[in-house]
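Undergrad: Turn this into a model:
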Amino acid sequence: MSARRQSGPFVEGDQVQLTDPKGRLTTVTLERGKAMHTHRGVLPHEQLIGLSDGSVVENSSGVSYLALRPLLNDFVMSMPRGAAIIYPKDAGQIVSIADVFPGATVVEAGVGSGAMSMSLLRAIGPDGRLLSFERREEFAAIARANATAFFGDEPPNWSITIGDLQSALPEAVADGSVDRAVLDMLAPWECLDAVGDALVPGGVLVCYVATATQLSRVAEAIRAAKRFTEPQSSETMVRGWNVDGLSVRPDHRMVAHTGFLISARRLAEGTARFVKAKRGSKTEHGDGDVELWTPGALGDRMASDKRLRKAVREAQSLAERSAKRGESAGATTTGADGEAR
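TA: Modelled structure (predicted):
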């Protein structure tokens with residue numbers, strides 16, 4: 001199995017992120033005979049092969065580019081997508097909130113384009129196991145290709161099952177054998193029974209939902225299940241800052257709301273739900289509120305078949321080009337001076 005190279009000189013098949021003087025990013029997969037063409041000049045890939053990570057190169061017009069291997073965050077934001085991704089800011093929170101540890105057995109549903117899958121695979125390490133469930137084969141194909149492109153090969157400790165989590169999970173795992181569960185789906189409340197059976201006592205459930213109505217319903221469903229601790233909810237916003245001498249101010253743009261996170265832990269079997277004392281009365285919900293929680297009312301936005309086919313082709317092409325890393329890792333490379341090394 002080939003592995004993604006984290007350091008060392010660039011070789012054919014490596015992904016390289018190029019930053020121009022205006023901060024614009026372009027990611028290329030190095031291939032001999034190819035070049036990056038822009039309206040401001042040409043940069044042959046051979047000019048990058050053999051250089052060290054963090055080098056600065058100039059194209060045919062003298063425009064400088066900073067060349068770095070893309071971090072996971074960079075790759076996720078530029079990879080082919082069939083479905084909306086969980087942003088890195090939320091993926092990092094999920095890994096932390098769920099306390100995903102090396103060697104853990106983690107269940108994930110759905111896969112989307114593979115962004116969360118890659119963060120989870122990094123967290124569990126080679127001794128862990130990630131079991132992903134996805135209803136659509138196109139999304140699974142895109143996620144598999146994206147992960148293969150980033151890691152250099154499809155991780156052997158990762159499986160993707162096509163099907164509904166409610167019916168597929170009991171067949172895939174024994175009761176009380178899963179350490180963590182991450183649900184990114186329209187109606188996670190439908191899967192609480194299956195997830196509750198699969199989780200170990202003390203195991204963590206984290207749900208990612210997009211709207212306040214989804215957040216409300218999953219919270220009430222977790223409470224009604226009486227198998228979990230009191231759910232905790234949050235959202236994460238990231239605001240960058242411009243720091244240039246005495247010019248210190250917030251960026252004009254920020255990554256604000258992307259989704260809500262709600263988490264709870266599995267109680268021991270037969271234990272009464274532990275409820276913290278609350279001030280004031282709890283607002284009850286009725287049939288009219290439940291109607292607003294239905295999948296149709298929430299709006300399940302799906303990508304078109306044409307867009308999905310294009311994303312599958314792009315992801316698989318990226319994975320195939322990245323596979324050249326393993327083939328070229330032991331081959332002779334050419335340095336910036338044109339000499340063989």
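
Undergrad: and the longest strand that the chain contains, how far out from the chain's middle?
TA: Assignment by DSSP state E gives strand 199-209 as the longest strand of the chain. From the chain centre to the centre of strand 199-209 is a distance of 18 Å (Cα atoms, centre = their mean, to the nearest Å).

Undergrad: what's the model's confidence in the following helix or strand past it, averaged?
TA: Going down the chain from strand 199-209, the next helix or strand is helix 212-225, by DSSP states H and E. In this model, helix 212-225 has an average pLDDT of 96.

Undergrad: which helices and strands sit right next to helix 212-225?
TA: On a contact count with 3 or more Cβ pairs under 8 Å, 6 or more residues apart in numbering; DSSP states H and E, helix 212-225 meets helix 192-198, strand 199-209, strand 260-265, helix 287-292, helix 295-298. Every C-beta, even on glycine, is put in place using the N, C-alpha and C of the backbone.

Undergrad: Now with 10 Å, please.
TA: In this structure, helix 212-225 makes packing contacts with helix 192-198, strand 199-209, strand 232-234, strand 260-265, helix 287-292, helix 295-298, judged by 3 or more Cβ pairs under 10 Å, 6 or more residues apart in numbering; DSSP states H and E.

Undergrad: okay if I get these as CSV plus distance to Asn73?
TA: Shown next, in CSV, are the helices and strands packed on helix 212-225 (distance: least, Cβ to Cβ, whole Å):
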stretch, distance to Asn73
helix 192-198, 28
strand 199-209, 17
strand 232-234, 20
strand 260-265, 18
helix 287-292, 35
helix 295-298, 29
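
Undergrad: how about those, which one is nearest Leu18?
TA: Leu18 sits nearest to strand 199-209 of all the helices and strands packed on helix 212-225, at 31.7 Å, using Cβ to Cβ.

Undergrad: counting contacts, what elements does that closest one pack onto?
TA: So strand 199-209, by 3+ Cβ pairs under 10 Å, 6+ apart, packs with helix 88-97, strand 105-109, strand 178-184, helix 192-198, helix 212-225, strand 232-234, strand 260-265.

Undergrad: Tell me the strands beside the third one, with direction?
TA: The one in question is strand 178-184. Strand pairing for strand 178-184, determined by DSSP bridges: strand 105-109 (parallel), strand 199-209 (parallel).

Undergrad: State the number of residues packed around Thr38.
TA: By other Cβ atoms under 10 Å, the residues close to Thr38 number 16.

Undergrad: Oops, could you answer that again for Glu190 instead?
TA: Look at Glu190: counted by other Cβ under 10 Å, it has 16 neighbours.

Undergrad: Would you check that it makes contact with Asp164?
TA: Yes - applying Cβ atoms under 10 Å, one finds Glu190 in contact with Asp164, separated by 8.9 Å.

Undergrad: what about the stretch 1-150 of the chain, any weak spots by pLDDT?
TA: For the stretch 1-150 of the chain, the stretches with pLDDT under 70 are 1-4.

Undergrad: Check which residues of stretch 190-210 are buried.
TA: 190-192, 194-199, 203-210 (16 or more other Cβ atoms under 10 Å).

Undergrad: Kindly check the end-to-end length of that stretch for me.
TA: From its first residue to its last, stretch 190-210 covers 16 Å (Cα to Cα, to the nearest Å).

Undergrad: go on, stretch 152-165?
TA: 28 Å.

Undergrad: secondary structure element for Met36?
TA: Assigned by DSSP H and E, Met36 falls within strand 35-38.

Undergrad: Toward the C-terminus from that strand, list the very next helix or strand.
TA: Per DSSP H and E, strand 35-38 leads on to strand 41-44 as the next helix or strand towards the C-terminus.

Undergrad: Relative to the strand holding Met36, what are the paired strands and their orientations?
TA: strand 41-44 (antiparallel).

Undergrad: Give me the distance from the strand it pairs with to the chain's centre.
TA: For strand 41-44, the distance from its own C-alpha centre to the chain's C-alpha centre is 32 Å (Cα atoms, centre = their mean).

Undergrad: next one: stretch 193-203
TA: 23 Å.

Undergrad: What mean pLDDT does it get?
TA: For stretch 193-203, the mean pLDDT works out to 97.

Undergrad: Alpha carbons of it, as CSV, please.
TA: The C-alpha coordinates for stretch 193-203 follow below in CSV (Å, rounded to 0.1, in the frame of the first residue of the first chain):
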residue,chain,number,x,y,z
ASP,A,193,-32.5,3.0,18.2
ALA,A,194,-30.0,1.3,15.9
VAL,A,195,-27.1,3.6,17.1
GLY,A,196,-28.1,3.1,20.7
ASP,A,197,-27.9,-0.7,20.3
ALA,A,198,-24.5,-0.4,18.6
LEU,A,199,-22.8,2.0,21.0
VAL,A,200,-20.8,0.9,24.1
PRO,A,201,-22.0,2.3,27.4
GLY,A,202,-20.4,5.7,27.6
GLY,A,203,-20.0,5.9,23.9
